[in-house]
Structure formats: structure tokens, C-alpha cells
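**Student:** this one's sequence-less:
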């Protein structure tokens, strides 16, 4: 079993209205020190199998095909072997 | 300047219909090895100031008040000093 932790973020040049809204909320709560908020996705994906090379290729393909929008998003991931 | 990387995840006992939908999509694409998908949020928050203790307290408060729903979500974060 392998656990993949996948992080999907908007590319730096892409506007993040959700992040701006959250920043506005934080300012309203008094957190004036906040200068920027960017919001992305975090996914935990568990895979059968123990071969990290196979898992790495599979996760990269999944990101390209479904998990991220390559036009506006970047992705990165780390793999962790799991017991059982 | 401090960068906080905040990870918000559903508590383990909470159903994740979005994750189930993504898992179904991955199975449809042929990735039968996927056994579980859990989806959370990843946020990058930039703060003025250089005191990590102040930043840590502020980020924990922000998570409690706005960024996470403590009834159904857990959060964790890491702080990174930034130049400039």
C-alpha cells in the first residue's frame, strides 16, 4: 500500500478570487498582518501495490488527466509506503 | 514575512463524497489500484512580521475561526520564514 499526498495549486499568474475572499474575511476578523492567501487542493490517495516507480507514474498521469487542470494549475506529490 | 502552509482535512470519521466521486473517476480511467481518496484544502498564507510564535498563534486562531470547520475538519500547518 502506498499513500500519495497530492498538492494542487493555481499557477502564480492565475487570479485566486477564493483566496481574496478568505483574505478579506481574515482582515475583517482583525488579522491585518495577512498579505496574501492562495487556496489549493490537498488529496490523499491510497494505492494497492508497493512499487514506488509504478505509483509515481500512475499518480502523475492521474494529475494530468483528472486531478489538476494543467492550463491553470500546478501539482506536486509525495509518496509514502504504508503498512498493510 | 512568514509563509504558512495550512492543510485542512476532513476528520477520519466524516464521509467524503467528493473523494468518492474522484475515486470513481480514477477507476473509470483504469486506475483500479486506487483504494481510497480523501480531499482537503491546502492554503498558503503570507503574513507580515518575523516572530514565529506570534504567527503560530495567529494561524491557529484563523483556522479555528475561519479556515477550518472544527466540527468536521482537522488542520495542521507549517511556518516558513521568507526573505523580504
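**Tutor:** Alright, I've got the coordinates. Quick caveat, the model's predicted, so the values are computed rather than measured. Numbering: from 1, shown residues only, chains lettered A, B, ... in the order given.
**Student:** And the residue of chain A positioned farthest from its centre, its phi and psi?
**Tutor:** Distance to the chain centre peaks in chain A at residue A:30, reaching 27.8 Å (criterion: C-alpha atoms, centre = their mean). Per-residue torsions, residue A:30: phi 100, psi 0 (degrees, to the nearest 10).
**Student:** And the one 4 residues further on, by the same measure?
**Tutor:** Backbone geometry at residue A:34, expressed as degrees, to the nearest 10, gives phi -70, psi 120.
**Student:** Just give the closest residue to it, not the sequence neighbours.
**Tutor:** Leaving aside its sequence neighbours, residue A:34 sits nearest to residue A:26 (C-beta to C-beta, 6 or more residues apart in numbering or on different chains; 4.8 Å). All C-beta atoms are positioned from the backbone trio N, CA, C, and that covers glycine.
**Student:** Next, the buried residues of the helix or strand harbouring the one you found.
**Tutor:** Assigned by DSSP states H and E, residue A:26 belongs to helix A:17-28. Across helix A:17-28, burial judged by 16 or more other C-beta atoms under 10 Å in any protein chain shown covers A:19, A:22-23, A:25-26.
**Student:** just for chain A, where's the confidence low?
**Tutor:** By pLDDT under 70, the weakly predicted segments of chain A are A:84.
**Student:** Show me which residues of it sit near chain B.
**Tutor:** Counting by C-beta under 8 Å from any C-beta of the partner chain, chain A comes close to chain B at A:1, A:7-9, A:19, A:22, A:25-26, A:29, A:31, A:33-49, A:58, A:61-62, A:65-67.
**Student:** Just the residues you listed: which are in strands?
**Tutor:** Among the residues of chain A next to chain B, DSSP state E puts A:7-9, A:34-47 in strands.
**Student:** out of these, which are buried?
**Tutor:** Taking 16+ other C-beta under 10 Å as the criterion, what is buried in those is A:7-9, A:34, A:37-47.
**Student:** Pick out the most distant pair among those.
**Tutor:** Using C-beta to C-beta, those span at most 36.5 Å, a distance reached by A:34 and A:47.
**Student:** Residue A:9 is in contact with residue B:42, isn't it?
**Tutor:** Yes. Using C-beta atoms under 8 Å, residue A:9 makes contact with residue B:42 at a distance of 7.0 Å.
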